[in-house]
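> Kindly return the folded structure for what I paste below:
(one chain, ligands or ions: 3)
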Amino acid sequence: MNFLEERIVKDGIVKEGNVLKVDSFLNHQMDIDLFNQMGEEFKRRFEGKNINKIVTIEASGIGIACVVAQHFGVPVVFAKKSKSINIEGEMYIAEVESFTHKCKNQVIVSKKFLNEDDHVLVIDDFLANGCALQGLISIINQAGGTVEGIGIAIEKGFQVGGNIIRNLGYQLESLAIVEDMDEKTGKITFREQ
Ligand code: G4P
Ligand code: NA
Ligand code: NA
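Ligands and ions are numbered 1, 2, ... in the order given. This next block holds a predicted model:
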């Protein structure tokens, strides 16, 4: 097991409905030493890629993205979620459907902060069905930028997102891929990488 898998086993809690609670170290209280290790590991996995910007989505992607960005020496742009606005012309907009919350949201990024010169590393905390990620990719494509890679902390390997994104040809690096979680015993099984 790597450092993140070990931490998930130690402090993660399996909830009903295949939800993994990691709010003591990842998406509520945040362990910055752990985030730094993640940054080092992403730097290693995306070695040789020419990356000038990190893109993530609010809320829980932001903390990780900021720490990872220090390892790349680049700025972070986060996509904002909004119910429905029309700032026609000034923003890139993608529709994102949330399976968990059963609703459609727009995610938006100002055209000021992404363009065709950008070589982007996308960072997020979770990959489940991949809808948020597809929205981010759409926004980077609208800007004419290049997706150099995608770095995820925890992928839920039994949901469809990972397959969809890998089949699109992107370099997707997930630091922990959960293959199975047992609500009753709390046992978590990871994919060998
Ligand atoms: P997806 O299609 O974008 O992959 O996500 P999905 O709609 O399935 O999930 C909705 C939200 O729930 C996302 O956060 C996602 O990160 C989070 N999520 C999915 N599975 C788990 C899980 O097992 N554990 C935890 N802790 N979170 C999970 P969000 O609501 O879009 O963002 P945020 O504001 O929390 O960052
Ligand atoms: Na989340
Ligand atoms: Na997230």
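
> contacts and neighbour counts: CA atoms only from here.
Will do.

> May I have the secondary structure class of the residue most central in space within the chain?
The centroid of the chain falls nearest to Asp124 when counting by Cα atoms, centre = their mean (1.7 Å). The three-state label given to Asp124 by DSSP: H, G, I helix; E, B strand; the rest coil is strand.

> How many neighbouring residues does the closest residue to it other than its chain neighbours have?
Excluding its sequence neighbours, the residue lying closest to Asp124 (Cα to Cα, 6 or more residues apart in numbering) is Gly61, at 4.6 Å. Neighbours of Gly61 under the rule other Cα atoms under 10 Å: 22.

> Distance from the longest helix seen in the chain to the middle of the chain?
As assigned by DSSP state H, the longest helix anywhere in the chain is helix 32-45. With Cα atoms, centre = their mean, to the nearest Å as the basis, helix 32-45 stands 14 Å off its chain's centre.

> Make 8 the first number, not 1, from now on.
Sure, I'll start counting at 8 from here, so that last one is helix 39-52.

> any idea of the mean pLDDT in it?
Helix 39-52 shows a mean pLDDT of 98.

> Not counting it itself, show me its contacts.
Residues from elsewhere that reach helix 39-52, judged by Cα atoms under 8 Å, 6 or more residues apart in numbering: Leu11, Ile71, Val74, Val75, Ala76, Gln77, His78, Phe79, Gly158, Ala160, Glu180, Leu182.

> Redo the residues you listed as CSV? Include secondary structure and distance to ligand 3.
Output for those, formatted as CSV (DSSP: H, G, I helix; E, B strand; the rest coil; distance: Cα to the ion, whole Å):
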residue, secondary structure, distance to ligand 3
Leu11, helix, 17
Ile71, helix, 10
Val74, helix, 15
Val75, helix, 15
Ala76, helix, 16
Gln77, helix, 19
His78, helix, 20
Phe79, helix, 20
Gly158, strand, 12
Ala160, strand, 10
Glu180, strand, 15
Leu182, strand, 15
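
> what's the closest of the residues you listed to Ile195?
Leu11 (12.7 Å; Cα to Cα).

> How much space separates the closest one from Gly137?
For Leu11, the distance to Gly137 equals 21 Å [Cα to Cα, to the nearest Å].

> Ok, Asp187 next?
Applying Cα to Cα, the value for Asp187 to Gly137 is 18 Å.

> again with Leu33
19 Å.

> now do Lys17
Lys17 sits at a distance of 26 Å from Gly137 (criterion: Cα to Cα).

> quick one: which of the two has more around it?
Neighbours were counted for Lys17 and for Gly137 using other Cα under 10 Å; Gly137 has more, 23 against 9.

> per-residue pLDDT, that one?
In this model, Gly137 is scored at 96, pLDDT.

> Alright, that wraps it up for me.
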